[in-house]
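>>> Here is my input, please return the structure:
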Amino acid sequence: MRTLPRRSSLAVLLLLAALVLGVIGQSAAAGKARAHSTGARKSSAHAANSPLVGLGNQSAKMFSNPLYTQLHTKIVRYVAPYDAVAHPYSLDQAITFIHDAEADDEEVLVAFYHSEYTPTKLPNLESYQRDVQRFIKLFPHVRVYEAWDESNRGNEPHLFSSPSASRTAQYYQELLRVCRGCTVIGLDVLDNPGIQGTLQYIAEFRQEVGKLKTIMPSIWGLHNYSDVNRLEGWRTRDLVKALGGQVWLTETGGVVKFGTAFPNKHGSGIKRAAKVLKFVFALASSVPQIKRVYIYDWNGGTSSTRFDAGLTNAHEQPREGYVVVCKALRAVKCNVKTVDN
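Coordinates of the predicted model:
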């Protein structure tokens with residue numbers, strides 16, 4: 001082989017080095033591009049969480065309202081007194097709601113709650129099991145239940161009583177026993193402005209379930225009113241983490257009016273509630289563990305109503321919040337004329 005002059009050799013070496021560095025640079029750039037692409041896909045998948053959306057309500061009237069039927073929801077939630085079977089009025093209300101929901105091809109989630117006749121008296125386990133079992137037999141197509149609505153709500157003297165975390169765990173176990181093959185939601189808790197009490201309640205419930213040697217829930221219920229109505233998400237995220245597994249927002253929504261904290265002066269509460277509902281959907285879509293959202297509720301109240309979160313007013317006329325939900329569900333006729341009461 002011919003020997004190249006020293007300058008030529010140096011030039012060749014520099015050229016080879018540049019080529020090698022170019023290849024390495026291209027490889028690194030390609031690696032970054034792949035990493036960016038993978039990260040984008042993960043971010044996209046994270047943002048793509050699309051929970052199933054339905055409503056919670058206590059009146060069957062909404063099923064016949066065209067504004068509701070056009071939403072084409074597939075899930076709905078109803079709160080029934082645990083002893084509804086023992087009282088004709090309570091039972092009639094439940095029958096009407098559940099039958100109308102099923103006629104509308106909706107899956108009904110039933111949450112048991114205190115008696116309408118003895119709200120400050122909690123049932124013993126025998127009474128709870130007996131009445132709940134009779135209820136379940138009356139509605140064979142209802143297969144999704146909660147043992148107690150807002151079990152950590154606490155006691156209101158002369159109004160209602162709420163079970164301890166240990167008692168709620170026992171109710172949960174009894175419900176599992178009498179509803180074989182059902183989806184039984186573990187707990188149904190309020191977030192509250194400060195969540196330490198709720199976190200403690202969850203911990204005590206888990207501890208009691210362990211003592212009972214029953215099935216630890218894989219789906220949990222959360223009402224995050226305090227969080228979303230302050231346009232904050234940290235309570236929801238912390239509680240989702242504490243609950244573990246899949247979480248359903250079994251009640252959530254924009255509060256139109258509730259005491260002095262959330263007034264509705266000159267329709268301000270209606271605008272605020274609509275803004276909150278937009279926040280609810282954004283928050284739920286950003287938390288992968290949230291798989292269902294039950295907006296509460298359909299019917300609004302009057303000026304004397306203590307708690308009002310209705311998508312419609314007392315006459316079932318649409319408020320701004322209805323439009324938000326309608327668009328989130330991609331219904332056809334969402335640009336309806338709204339009311340400010």
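>>> Do you have the helices of the stretch 151-300 of the chain handy? List them.
With DSSP state H, counting those that start in this stretch, the ranges of helices along the stretch 151-300 of the chain come out as 165-178, 196-212, 225-228, 234-243, 268-286.
>>> Can you give me the domain assignment for this structure?
Domain assignment for the chain, taken from automatic domain parsing, gives 1-48, 52-328.
>>> Give the full set of residues in contact with Glu204.
Residues in contact with Glu204 (CB atoms under 8 Å, 6 or more residues apart in numbering) are 164-166. C-beta coordinates here come from the backbone N, C-alpha and C atoms, glycine included.
>>> Try it again at 7 Å.
By CB atoms under 7 Å, 6 or more residues apart in numbering, the residues touching Glu204 are 165-166.
>>> try the one 10 residues further on
Thr214 makes contact with 173, 176 under the criterion CB under 7 Å, 6+ apart.
>>> Okay, now the unreliable bits of the stretch 51-200 of the chain?
Counting by pLDDT under 70, the stretch 51-200 of the chain has no low-confidence residues at all.
>>> how about the strands in this protein?
For the chain, the strands defined by DSSP state E cover 52-56, 75-81, 107-113, 144-146, 183-190, 219-223, 246-252, 257-258, 290-296, 307-308.
>>> hmm, back to that, can you tell me which of the domains of the chain is packed in deepest?
Each of the domains of the chain was scored by mean neighbour count; the highest is domain 52-328, a mean of 19, by mean count of other CB atoms under 10 Å.
>>> How far does it sit from its chain's centre?
Computed by CA atoms, centre = their mean, to the nearest Å, the chain-centroid distance of domain 52-328 equals 9 Å.
>>> Quick one: end-to-end distance for that domain.
Separation of the first and last residues of domain 52-328 by CA to CA, to the nearest Å is 11 Å.
>>> if we can go back for a sec, can you put the strands of the chain in JSON lines and add distance to Gly269?
As requested, the strands of the chain are exported to JSON lines (distance: least, CB to CB, whole Å):
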{"stretch": "strand 52-56", "distance to Gly269": "19"}
{"stretch": "strand 75-81", "distance to Gly269": "23"}
{"stretch": "strand 107-113", "distance to Gly269": "26"}
{"stretch": "strand 144-146", "distance to Gly269": "28"}
{"stretch": "strand 183-190", "distance to Gly269": "20"}
{"stretch": "strand 219-223", "distance to Gly269": "19"}
{"stretch": "strand 246-252", "distance to Gly269": "16"}
{"stretch": "strand 257-258", "distance to Gly269": "5"}
{"stretch": "strand 290-296", "distance to Gly269": "15"}
{"stretch": "strand 307-308", "distance to Gly269": "8"}
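>>> All set, thanks.
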